[in-house]
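J.: I'll drop the sequence and a predicted model, then ask my questions.
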Amino acid sequence: MEQPVDFEALKAYGFDVQEYFKNQGWLKYFEMLNGPIYTILVKDFWPRCDVIEQADADREYKNKVAEDPKNNKGKSRKDLGLRDFTETEIRSGVTGFEVILTQNNIAQVLKIPNQGLFKTFTPSSGKKSPYVSRIAKHCYIDEDSEPSNKVREMKETQRLLSRIMFGSFFPREGGTDQLSWDHKHFIYFLTAGKKMNLAAYIFNHLCKSIRSAQNPAKLTPQIAYPILLSEIFYQCAVTDKIERSQSWDLLEEQRASFINGKNPPTLFSNEPPEVILEYIRLMKAEGIKITRADIANVSPEDKQKKRKRIIKIKQEKVTEAKTSGNTSASGAEVLKPSLL
C-alpha cells in the first residue's frame with residue numbers, strides 16, 4: 001500500500017525534502033494518502049480489473065457490429081450502446097457498481113494537471129537516454145560512472161527520495177534497493193525540478209500491476225494503490241450508497257504507516273549491529289523485505305571524516321604517552337579521545 005509522509009518529522013531529523021514535491025504540485029496527493037483504505041471494497045474491485053486499450057475497444061466494436069451486421073454496420077459506438085473510447089481504460093466493479101478509471105480521471109481526483117514529463121524505458125533504451133550523465137551527476141555519489149541500479153550508491157537526499165518513491169508512488173513487494181531506468185529518471189526529474197505527469201506515472205504503474213496480478217503463476221498478487229482506489233470510491237459516492245444501505249461491514253477501514261524519522265529512510269553499512277536489526281524489524285512490520293543490498297554504503301566524505309577522527313585519537317594517544325606516561329593497571333596506555 002502507499003505510505004503517507006510526515007515531512008515535518010523528517011525535517012526534524014535533518015531531511016527537508018517537502019519542497020521537491022511542492023514544486024511538482026503534488027502536496028494534494030500526499031494529503032490524500034492520509035485517508036483510509038476500504039479494504040473490503042478494494043479486495044472486491046481488484047480481481048475484476050481489466051485493462052482496455054485501443055485494440056480491445058476496436059475488437060469490442062467489431063463484435064457488436066457482428067451481432068447484427070445488416071443493421072449495425074456503419075453505426076457509431078454510442079449508437080450500438082457502447083461508450084465512446086478516447087483513452088486506455090481500467091474497467092472493474094465494486095459491490096455492484098461499475099467503475100472505470102482513466103489517466104484523465106485520476107488527474108481529476110488528485111486535482112493535478114494531466115500534463116508534464118512521462119518517460120518509460122527498457123534496460124537497453126535507458127542507457128541511451130540523454131539524461132544519463134545528468135542522473136549520475138545529480139543523484140549518485142560517483143558522479144562520473146554510469147548510474148547503477150542500487151539506491152545505496154545514491155547521494156543521501158536521493159536515497160530518501162527513492163524511499164518515498166517506493167513507499168508513496170510505486171509501492172512494491174520485496175526490497176527497495178533495485179532501481180529501474182524509469183525510477184532513476186523519476187528521481188532525477190524530482191531533483192532537477194522538472195515537472196512530471198504524476199497521473200501518467202500512476203496509471204501506467206496501475207496497469208502494469210493489474211497485468212502482473214492476472215499472471216496465474218503469481219500466487220499472492222499485490223494490490224496497487226489501495227488508498228487512491230478508496231478515495232475514488234469515496235469521490236464516486238460508492239461509500240455514500242453503502243452507508244445509506246447501512247452495510248457498515250463493507251466500510252471496514254485500514255490506515256497505512258507513515259514515512260518519518262522513526263522508520264529510517266536509509267540505513268548505512270557503518271551502523272551498529274543493533275541499529276541494523278531494528279531497521280530490519282521496522283521494515284518487516286511494514287511488509288518490506290530487507291536484504292544486504294538495501295544497506296547503503298558510507299559515502300567517501302563519511303569515510304574521510306572517520307579516518308580523520310581515528311588519526312586524531314592515535315595522535316592524542318602518542319602525546320599522552322610522551323607527556324604524562326599514564327597507564328592502566330595492566331600497564332597498557334590509557335586512551336582518552338576528545339570530542340572533535
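T.: Looks like it arrived, so ask away. All values reported here derive from a predicted model rather than from experimental measurement. Numbering: from 1, shown residues only.

J.: what sits against the closest residue to residue 75 other than its chain neighbours?
T.: With sequence-adjacent residues excluded and distances taken as Cβ to Cβ, 6 or more residues apart in numbering, residue 75 is closest to residue 65, at 7.5 Å. Quick note: C-beta positions are derived from backbone N, CA and C, even for glycine. Applying Cβ atoms under 8 Å, 6 or more residues apart in numbering to residue 65 gives the contacts 72, 73, 75, 80.

J.: secondary structure, distance to residue 118 and pLDDT added to those, as TSV?
T.: Converted to TSV, those look like this (DSSP: H, G, I helix; E, B strand; the rest coil; distance: Cβ to Cβ, whole Å; pLDDT from 0 to 100):
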residue	secondary structure	distance to residue 118	pLDDT
72	helix	37	96
73	coil	38	95
75	coil	35	96
80	coil	33	96
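
J.: can you pull out the low-pLDDT segments for the chain?
T.: 173-176, 219-221, 261-270, 283-340 (pLDDT under 70).

J.: can you tell me the centre-most residue of it?
T.: Per Cα atoms, centre = their mean, the C-alpha nearest to the average position across the chain is that of residue 166, at 2.3 Å.

J.: distance of that one from residue 135?
T.: Applying Cβ to Cβ, to the nearest Å, the value for residue 166 to residue 135 is 17 Å.

J.: as a check, name the ranges of all strands in the stretch 51-200 of the chain.
T.: For the stretch 51-200 of the chain, the strands defined by DSSP state E, counting those that start in this stretch cover 89-94, 97-101.

J.: out of those strands, deepest packed?
T.: Most buried of the strands of the stretch 51-200 of the chain, by mean neighbour count (mean count of other Cβ atoms under 10 Å): strand 89-94, with a mean of 18.

J.: hmm, back to that, which two of the contacts of residue 65 have the greatest separation?
T.: Using Cβ to Cβ, the pair of the contacts of residue 65 lying farthest apart is 73 and 80, separated by 10.4 Å.

J.: what about those two, which has more around it?
T.: The residue with more neighbours, out of residue 73 and residue 80, is residue 80; 15 against 9, by other Cβ atoms under 10 Å.

J.: just checking, the more buried one touches residue 66?
T.: No - using Cβ atoms under 8 Å, residue 80 makes no contact with residue 66, being 11.0 Å away.

J.: joint contacts of the two?
T.: With Cβ under 8 Å, 6+ apart as the test, residue 80 and residue 66 both reach residue 72.

J.: where's residue 87 relative to residue 52, distance?
T.: Counting by Cβ to Cβ, the gap between residue 87 and residue 52 amounts to 10 Å.

J.: ok, the two, which is more surrounded?
T.: More neighbours surround residue 52 than the other of residue 87 and residue 52, with 17 against 14 (other Cβ under 10 Å).

J.: beta partners for that one?
T.: The partner list for residue 52 in beta bridges (DSSP bridges) reads residue 89.

J.: got the contact list for it?
T.: Applying Cβ under 8 Å, 6+ apart to residue 52 gives the contacts 60, 85, 88, 89, 90, 91.

J.: rerun that using 10 Å as the cut-off
T.: Contacts for residue 52 (Cβ atoms under 10 Å, 6 or more residues apart in numbering) come out as 59, 60, 85, 87, 88, 89, 90, 91, 100, 102.
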